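A.B. asks: Quick one, structure for this:
(chains A and B)
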Amino acid sequence: MNTFSLSDTPIDSIALRSELEELGVGAVTVFEGRVRNHNDGRVVAGLAYQAYAELAEAEGARIMTEARERFAIEHALCVHRTGELALGDLAVWVGVSAAHRDAAFAACRYVIDEVKARAPIWKREHYTDGEAEWLHPSINSPD
Amino acid sequence: MNYRLLYFASLRDTAGRAEETVASEARDPRALYAEVAARHGLTQPIAQLRIAVNGGFASLDHVLADGDEVAFLPPVSGG
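C.D. replies: Have a look, this model is predicted:
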């Protein structure tokens, strides 16, 4: 499996986690990003992610390689959803295993921050008032 | 020159298409975006976009070749 992938179906966090775990690894950190019910003062009903899949997978793979080069970790995986999501759905999952917690926390943080900043993936929120909009952070509200 | 253009997110909605093939005299993404922005009413300033050519990030001044696939990427919002 690729260390970074897009998924148009629900993310199976239990299966992903089992891929990270191996005897004696010491530390596992997991970040789960979920769809929240509010953003920028508006009530969110759901959202959709659109990706430039070819480039998102290539850039995601670069980020995972960077994480392994920068931090003393064993494994790192990331899966990002595309398509329609409901409140509470898992939008992005990052898992890192390492001998020690400092590297595991740092690498996990690195991956989610870089994916949010660099991967060509866009979020369209729809609101309980019936409106919807694409979020483009440097144009409209900060994320 | 013929180019394959890809649009994403708000640009896709405004342009009313995900992709198209265009014939253009533009030789770099900067000139190409100016053309299609005028044609489709795209309002995002080019300074806020990233560009990809044939699936890899590229500069606004990247010299295009016939048949290139050019994507205009608005600011991302994954995660």
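A.B. asks: got the residues of chain B near chain A?
C.D. replies: Within chain B, the positions adjacent to chain A are B:6, B:8-10, B:12-13, B:44, B:48, B:50, B:52, B:55-57, B:71, B:73-79 by C-beta under 8 Å from any C-beta of the partner chain. The C-beta positions use only the backbone N, C-alpha and C, and glycine is treated the same way.
A.B. asks: change it to 6 Å
C.D. replies: B:8-10, B:48, B:52, B:55, B:73-79 (C-beta under 6 Å from any C-beta of the partner chain).
A.B. asks: ok, of those residues, which one's closest to A:Ala132?
C.D. replies: Comparing these against A:Ala132 with C-beta to C-beta places B:Ser10 closest, at 10.9 Å.
A.B. asks: Now do the buried residues in whichever strand or helix holds that closest one.
C.D. replies: For B:Ser10, the element it lies in under DSSP states H and E is helix B:9-15. The neighbour-count check on helix B:9-15 (16 or more other C-beta atoms under 10 Å in any protein chain shown) flags B:Ala9, B:Ser10, B:Leu11, B:Arg12, B:Thr14, B:Ala15 as buried.
A.B. asks: okay if I get the residues you listed as CSV plus pLDDT?
C.D. replies: Shown next, in CSV, are the buried residues of helix B:9-15 (pLDDT from 0 to 100):
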residue, pLDDT
B:Ala9, 97
B:Ser10, 96
B:Leu11, 97
B:Arg12, 97
B:Thr14, 97
B:Ala15, 97
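A.B. asks: for the residue nearest the centre of chain B, helix, strand, or coil?
C.D. replies: Central residue of chain B (C-alpha atoms, centre = their mean): B:Phe72, 3.4 Å from the mean position. Assigned state for B:Phe72: strand (three-state reduction, DSSP: H, G, I helix; E, B strand; the rest coil).
A.B. asks: who's in contact with it?
C.D. replies: Applying C-beta atoms under 6 Å, 6 or more residues apart in numbering or on different chains to B:Phe72 gives the contacts B:Leu11, B:Tyr33, B:Leu49.
A.B. asks: which two in the buried residues of helix B:9-15 are spaced the farthest apart?
C.D. replies: Within the buried residues of helix B:9-15, two members stand farthest from each other by C-beta to C-beta: B:Ala9 and B:Ala15, at 10.7 Å.
A.B. asks: quick one: low-confidence ranges for the chain?
C.D. replies: Unless you meant another one, I'm taking chain A. Along chain A, the model assigns pLDDT under 70 to residues A:1, A:23, A:139-143.
A.B. asks: I was thinking of chain B, sorry if that wasn't clear
C.D. replies: Along chain B, no part satisfies pLDDT under 70.
A.B. asks: which residues of chain B fall in helices?
C.D. replies: Per DSSP state H, chain B carries helices over the ranges B:9-15, B:29-40.
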